[in-house]
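Visitor: Based on what follows, work out the 3D shape:
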Amino acid sequence: MLREDKIRLMHKIAQYEKSAEEYERPAKEYFRGDYLSMHLLQSFFSYTLSYLLILGVFLLYFLERILNAVNVSIVLRFVLRCVVIYAIGLLLFELVTYLVFRRRYEESAARREEHLRCLKRLKNAMTPRRESRNSRRRRARMLNLILFREKLRAFYARHGNVIIPVLHFAVALLALVLLNNGMGYERRLRAPIVVILLSLVSAFLPWGGICVLLGICVLLNIFAVSAEFALITLAFLLVVALLYYGFSPRDSIILILTPVLFELKIPYVLPILVGLGGSAFSLIPLSGGIVLSYILNYVHNNAAPLTNGESVDVAQKYLQMLNGVLLDKTMLLYLLAFSLSLLVVWCVHRLSVNNAWDLGILAGILTMLFVFFLGNFWYSVGVKIIPLLAGLLLSGVLAEIYRFLVFHVDYSRTEYSQFEDDDYYYYVKAVPKITVAAPEPKTQTINTPKRPRKSADEGETKR
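Guide: Presented below is the predicted three-dimensional model:
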C-alpha cells in the first residue's frame, strides 16, 4: 500500500540526490562571491582562448583571400568587427555563466538543509513490510541471475579501489595500442616500455586526465606527419574542452571510447548505452569523438601527401585539410545517426510507461538503421550492411545487459496513486525493484557429548 507522506518525502529526497554533488559542493566549500568570481574568471579565459582558436582557424581558411585584398582600411574594419563580436559574445557568455552558477549556489544551501530534514522524517515514517507468497514466488524465477548481479555489486563495493585503477589502465593500454597500430608515426611512443608506463600513469588519473594524456599522444603522432594538421586538431580539442568540460567534466570517458570503438569496428554500441546512462548533453562528447575518429582516419589515409606537401601553398594546404575532414559525407552520416539515436533513447527510456528502457533500446536501434539506410540510398554513402546489422544486434544485447544490471524492476506489481498538497499534484506510478539478498552460508557445529567422569568412591565400590 502506498503512503502519501512517504511519497512526498521520497520525492524531495530523489530531487536532491539526483544532483547531490552539484547541490552540496558550492555552499559547503565557497562563499557566494568567491564561487561566482571563480567561475566568471574561468569562463573569461575559456571563451577568450576558444575565440582566438576559432579566429585563427578562420584566418587560415580564408588566408588566400586576405592576402590578395590587403588594405589598411579593410584590416581596420575587420579588426573592429572582431573586437565587437568578441565583446558581445563575452558579455553573453559571462551573463549565462553568472546566472547558471548563481542559481546553483542559491539552491545549494536551501536544498541541503531540506534534504537533511526529509531524511529524518522518512526514517521515522519507514515501517517494515511483509512480502506476499506470490511475490516471493515471482522473485524466485530469476533468483540465480539476480543473485549474480548482487554479488557483482557487492564485489565492486568491496574492491572498488582496485577495480577502478585496473579499468583505467586497461582502457588507456587499449587506446595506446590501437593508436600505435593505426598510426604510430611517433616512434618514441611505439616503444612497449613507454606504452606500459603511460598506462600505469593513467591508472591513477581520472578520466579527464586520461583524456588529456591520450590527446597529447594523438597530437604528437599527427605532428610527426603534419604540423599544420596537428595545429587544427589542437584547436578542435581545446574548443571542445574549454566550452563543454568546464560545465560537465564527467563525460570524458565518451570522448576516449568513441575513437577506440570506431577502430574496433563496433561504434554502434555508443549511442544506445550513452542514451541510457548519460544525458542529452552527452551528445557533445560523442560528436567530438566521432570527429576525432575521422581526423585520425584522414591522417592515416593521407600520410604521404601531408608529409610531402611542402610545395603546396600554406593556405591551400589548410583549406584542403579542413575540407577533407569537415565535408566527409560518411562522418556527417554517423554524426546524424548517432545524435538522433542518442536523443531518441534518452527521451523514450524516461517515459512513464511499462518497459520504457526496452522500448528506448528498440527505438534507438531502429532510428540508427533508418538513418543509415536513408544515407545509403539517398546520398550514396557506403555503409556495409552486414557489419551494420551485426553491430546493432551487439548493441542491443549489451544494452539489455546494462539494463539488467542497473534497472531491473517487476512491472506486474505496479501500483498507482494520485493526490495533491500545497505545492504539487502527485501522479505516482510505483514499480518495485527486483532484489534478492545473497544467502549467507550457515555453519552448524556438531559436538559429541562428553561422558561424565566417574568419581573415586564409585570406582572402589565396583572393585
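
Visitor: what's the neighbour count on Leu264?
Guide: Number of residues near Leu264 (other CB atoms under 10 Å) recorded here: 12. Yep, even glycine has a C-beta here, placed from its N, CA and C like the rest.

Visitor: Please look at it and Val177 and confirm they touch.
Guide: No. Leu264 is beyond contact range of Val177, at 11.1 Å (criterion: CB atoms under 8 Å).

Visitor: list residues touching both of those two?
Guide: When CB atoms under 8 Å, 6 or more residues apart in numbering defines a contact, no residue borders Leu264 and Val177 alike.

Visitor: average model confidence for the strand or helix carrying Val171?
Guide: Here Val171, judged by DSSP states H and E, is contained in helix 143-182. Computed over helix 143-182, the mean pLDDT rounds to 82.

Visitor: in that helix, what's buried?
Guide: For helix 143-182, the neighbour count (16 or more other CB atoms under 10 Å) marks 146, 149, 168-169, 171-180 as buried.

Visitor: gap between Gly89 and Ile210?
Guide: From Gly89 over to Ile210 the distance is 31 Å, taken as CB to CB, to the nearest Å.

Visitor: Neighbour count for those two, which is higher?
Guide: Ile210 (25 against 14).

Visitor: Can you name every helix or strand that the host helix or strand of the more buried one contacts?
Guide: Assessed by DSSP H and E, Ile210 sits inside helix 207-225. Secondary-structure packing of helix 207-225 (3 or more CB pairs under 8 Å, 6 or more residues apart in numbering; DSSP states H and E): helix 143-182, helix 192-203, helix 227-243, helix 252-263, helix 283-301, helix 303-307.

Visitor: again, only using 6 Å
Guide: helix 227-243, helix 252-263, helix 303-307 (3 or more CB pairs under 6 Å, 6 or more residues apart in numbering; DSSP states H and E).

Visitor: Indicate which one of the ones you listed is closest to Leu55.
Guide: helix 227-243 (10.1 Å; CB to CB).

Visitor: Okay, buried residues for the closest one please.
Guide: Buried, per 16+ other CB under 10 Å, within helix 227-243: 228-243.

Visitor: Which residues outside it are in contact with it?
Guide: 46, 49-50, 53, 57, 215, 219, 222-223, 288, 295, 317, 321 (CB atoms under 6 Å, 6 or more residues apart in numbering).

Visitor: Could you identify the most distant pair in those residues?
Guide: Ser46 and Lys317 (29.0 Å).

Visitor: can you map out the strands along the stretch 301-450 of the chain?
Guide: Shown for the stretch 301-450 of the chain, the strands assigned by DSSP state E, counting those that start in this stretch span residues 415-420, 425-430.

Visitor: How many residues are close by Gly190?
Guide: Just to correct that, residue 190 is Arg rather than Gly. What Arg190 shows, counting by other CB under 10 Å, is a neighbour count of 17.

Visitor: Offset the numbering so it begins at 363, please.
Guide: Will do, 363 is the new start, and the previous item becomes Arg552.

Visitor: Surely it is in contact with Gly544?
Guide: No. Contact criterion CB atoms under 6 Å: Arg552 and Gly544 do not qualify, at 11.7 Å.

Visitor: which parts of the helix or strand where Phe420 lies are buried?
Guide: Per DSSP H and E, Phe420 falls inside helix 394-423. Buried residues in helix 394-423, counted by 16+ other CB under 10 Å: 397-398, 401, 405, 408-409, 411-413, 415, 419, 422-423.
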